[in-house]
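Colleague: Kindly return the folded structure for what I paste below:
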Amino acid sequence: MRRRRIPVAPLSIAIALSASLSGGSALADLPPTPPPPDMVDQRPATPKPTKNPKTTAPADAPTAAPSDAELVPQDMPELTERDKQMLAIKWQPGPIKGTLGDIAEIDVPEGFLFVDGDGTRKFLELNENLTNGKELGMVASKDFNWFVAFEFSDIGYVKDDEKSDLDADAILTSLREGNEAGNQQKKLRGWRTLSLLGWASPPKYDEATQNLEWAPKFQDDIDKTIAVNHFIRVLGRQGVMEISLVTSPEDYATTLPETKKLLAGFSFQAGQKYSEYRQGDKIAAIGLTGLIVGGGVAAAAKSGLLGGLFKFLGKSIKLLVLAGAAAAAGIAKLFGRKKDDA
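Modeller: Presented below is the predicted three-dimensional model:
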């Protein structure tokens, strides 16, 4: 039976991602380079004699595992430069404690991935999203069905005296204006533009946790992909932690409770909590409404990326699974191995 040719470059990329996650060496796991054709021994192999040529294997003998080459389809597409850069991001598998600058931290449980501010910016930019240098980290589900990004805005202590006066209709109008401004920046870069469709969840404030939440729904103007961004602002002593959930509309109802469970492991560092305000601390120039409206451009910048993101992940995760079966690599196998080692 003729063996199929393994696409070496994508396989190497998959192994490199697995190695970076597990702390191992990618080079050590790469398949050996085959010798050039003119160095291969062309002599036919001498068949080994058998005592009983007519003997066949028992009916219950184990079936041979498929070869590595057979696991990788011949039509597997080559990864683009963008895909390679995406795979090169240094994801860290949970359980770990993710450090969000010197402001806060997040408990990253098993089944999730964490990346720091540099990796978050790289991820967003590769998916045609504007960045501002305030990104501190990102947590993603291991299957990348959803993720949350963290930024910190050191605007000072935000008073919550508008908690009963949040006008959802007026805020939506302002957000649409911000979205148009974001679209102008995207056009200058040759990126896709977005339409703000309305609310998936209107603004609300939880006085007990000092959390402000709202969720606009966007549509990609080219392929009509719809994305929901759920924004959470956690008020702190010196500013606001800006948390953005990105998921698909069909997964929003199930993803939101998982997100809130994840964020139960979020905490400000000592001295940074809202309750630790002291007389003389800087007071923010805006209130709760300003936090939403002022983030209009940022909201547009970080939404609508699911169309291209899912297309990328669908290809790369398929590649990782195949490469994992062929060479003990890939995210799924990494998590299984990590659990066994615990």
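Colleague: now T99, what's its secondary structure?
Modeller: T99 carries the three-state label strand when classified by DSSP: H, G, I helix; E, B strand; the rest coil.
Colleague: and it, what is it in contact with?
Modeller: T99 sits next to E105, D116, G137 when contact means CB atoms under 8 Å, 6 or more residues apart in numbering. The C-beta positions use only the backbone N, C-alpha and C, and glycine is treated the same way.
Colleague: Can you tell me the strand partners of the helix or strand hosting N229 and which way each runs?
Modeller: Following DSSP states H and E, one finds N229 within strand 226-235. Here strand 226-235 is paired, per DSSP bridges, with strand 211-220 (antiparallel), strand 240-247 (antiparallel).
Colleague: Could you pull up the mean pLDDT of the first one?
Modeller: Summarised as a single mean, pLDDT over strand 211-220 is 92.
Colleague: ok so, going back, quick one: which of the strands paired with strand 226-235 is nearest F147?
Modeller: Among these, the nearest to F147 by CB to CB is strand 240-247 (5.8 Å).
Colleague: Show me the strands in the stretch 51-200 of the chain, by range?
Modeller: 92-93, 96-100, 104-108, 112-116, 135-141, 147-153, 194-206 (DSSP state E, counting those that start in this stretch).
Colleague: Now distance to L288 and mean pLDDT too, for the ones you listed, in CSV please.
Modeller: As requested, the strands of the stretch 51-200 of the chain are exported to CSV (distance: least, CB to CB, whole Å; pLDDT from 0 to 100):
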stretch, distance to L288, mean pLDDT
strand 92-93, 33, 93
strand 96-100, 22, 97
strand 104-108, 20, 97
strand 112-116, 29, 96
strand 135-141, 22, 95
strand 147-153, 14, 95
strand 194-206, 6, 93
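Colleague: Take these and write them to CSV, including distance to A285.
Modeller: Listed next are the strands of the stretch 51-200 of the chain as CSV, based on distance: least, CB to CB, whole Å:
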stretch, distance to A285
strand 92-93, 36
strand 96-100, 24
strand 104-108, 22
strand 112-116, 30
strand 135-141, 22
strand 147-153, 12
strand 194-206, 19
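Colleague: Q219: which of these is closest?
Modeller: strand 194-206 (4.8 Å).
Colleague: and that closest one, which strands flank it?
Modeller: Taking DSSP bridges as the criterion, strand 194-206 forms sheet pairs with strand 211-220 (antiparallel).
Colleague: which ones are touching S267?
Modeller: Neighbour list for S267: A104, E105, I106 [criterion: CB under 8 Å, 6+ apart].
Colleague: make it 7 Å
Modeller: By CB atoms under 7 Å, 6 or more residues apart in numbering, the contact list for S267 reads A104, E105.
Colleague: Read off the pLDDT value for it.
Modeller: 96.
Colleague: you'd agree it is in a strand?
Modeller: Yes. Judged by three-state DSSP, S267 forms part of a strand.
Colleague: ok, it to A140 distance?
Modeller: Look at S267 and A140: by CB to CB, to the nearest Å, they are 20 Å apart.
Colleague: Which parts of the protein are helices?
Modeller: Assigned by DSSP state H, the chain shows helices spanning 8-22, 26-29, 68-71, 81-87, 117-126, 168-188, 249-263, 288-293, 296-301, 306-327, 331-341.
Colleague: Now do the fifth one, average pLDDT.
Modeller: Per-region confidence: helix 117-126 scores 92 on mean pLDDT.
Colleague: next one: the first one
Modeller: Mean pLDDT, helix 8-22: 39.
Colleague: Could you list the low-confidence segments of the stretch 201-342 of the chain?
Modeller: Flagging of the stretch 201-342 of the chain using pLDDT under 70 yields the residue ranges 295-342.
Colleague: make it 80
Modeller: The model of the stretch 201-342 of the chain has pLDDT under 80 over residues 294-342.
Colleague: Give me the neighbour count for the residue nearest to I103 when sequence neighbours are not counted.
Modeller: Nearest non-adjacent residue to I103, counting by CB to CB, 6 or more residues apart in numbering: F152, 5.0 Å away. F152 has 23 neighbouring residues, counting by other CB atoms under 10 Å.
Colleague: How about the contacts made by F152?
Modeller: F152 is in contact with G101, I103, K134, L136, G239, M241, E242, counting by CB under 7 Å, 6+ apart.
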